[in-house]
Every structure is written in structure tokens, then in C-alpha cells.
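S.K.: Prediction below, plus the sequence it came from.
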Amino acid sequence: MNFIKSLSNPSYHQADVWLAEEGGKKFVRKDFRKWGLPGRFLLDREASFYKRLRGIKGIPEFYGSPESGVVDIEYIEGNSIKDHKDLPAEFFDKLTQLVSAIQCCGVLYFDLRHKSNLL
């Protein structure tokens, strides 16, 4: 596996997030092992959410959890909404539909406050 670049700001309270590549396929690796048991719990829980949300357009595909505290998900090329000043109403309509689909699966998504999480 080749780690291409870090996608997160290094800090102790966040997962290490990397753009990685293996076999010509790019993916995102989130690693929270440095937090020990609490970190493993958080990412194992996140992995369970990705499994529940499989097949929803707009949600990265879950590739697996190679070990406890680590998840691999689809890398989606795009630009963060924080790079755009004016977004069309259609964007917000699609975002509302996506959030509704997530909630219908019994998952609540709280990271919408971070513009960097929206592409």
C-alpha cells in the first residue's frame, strides 16, 4: 500500500486520514488506533454506519476494516463546498434528500457543520 498524502491536520484528538493507493485503486484510510480502545470503538462504530448506508448515492463505499480502529472507504474526487461562494438551490435539495436517506437508515450525521466534509 502507498500513502499518497494526508487528508487531515495531525492532532491527537482526530483520526489520521490518508489518501492511499493499492493495486491502482485510490481510497481513504482513517486510522484512530493512537487513541487506544476509545479510538477503536469510534471507528468500529463508524464502520457499522458505512455498512448500514451501503448503496446510497453520495455515501462513500465501505471497503473494509483491515483491523480494529481502521477503516478504508472510497475516495471521491471533488471540491469542498468551502471553495464555492454561491451554490445553486439544487445542491441544497440534493443534500436534504441525502440527509433524509441517511436518517431513514437510523443514522444521524452531525458533521455537516464542517464544510470540508461536503463535496
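M.R.: Looks like it came in fine.
S.K.: Flag the shaky bits of this protein, pLDDT-wise.
M.R.: Judged by pLDDT under 70, the chain has its weakly predicted residues at 10-13, 110-119.
S.K.: Break it down into its structural domains.
M.R.: Following automatic domain parsing, the chain resolves into domains at 1-77, 79-119.
S.K.: Give me whichever of these is most buried.
M.R.: domain 1-77 (a mean of 14; mean count of other Cβ atoms under 10 Å). Bear in mind the C-beta positions are built from the backbone N, C-alpha and C, glycine included.
S.K.: for this structure, what spans make up the strands?
M.R.: Under the criterion DSSP state E, the chain contains strands at 2-6, 16-22, 25-31, 62-64, 70-74.
S.K.: Next, format these as TSV and append distance to Asp44.
M.R.: Converted to TSV, the strands of the chain look like this (distance: least, Cβ to Cβ, whole Å):
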stretch	distance to Asp44
strand 2-6	22
strand 16-22	16
strand 25-31	11
strand 62-64	12
strand 70-74	8
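S.K.: those helices in the chain, which residues are they?
M.R.: For the chain, applying DSSP state H gives helices covering 37-52, 89-104.
S.K.: Now do the same contact list for the residue nearest to Leu7 when sequence neighbours are not counted.
M.R.: Nearest non-adjacent residue to Leu7, counting by Cβ to Cβ, 6 or more residues apart in numbering: Val17, 4.4 Å away. Listed by Cβ atoms under 8 Å, 6 or more residues apart in numbering, the contact partners of Val17 are Ser6, Leu7, Ser8, Val28, Arg29, Lys30, Asp31.
S.K.: who does Val17 bridge with?
M.R.: According to DSSP bridges, the partner residues bridging Val17 are Lys30.
S.K.: For it, give its distance to Gly69.
M.R.: Going from Val17 to Gly69 by Cβ to Cβ, to the nearest Å gives 13 Å.
S.K.: Now the common contact residues for those two.
M.R.: Shared contacts of Val17 and Gly69 (Cβ under 8 Å, 6+ apart): Asp31.
S.K.: To Tyr75, which of the helices of the chain lies closest?
M.R.: Of all those, helix 37-52 sits nearest to Tyr75, with 13.7 Å by Cβ to Cβ.
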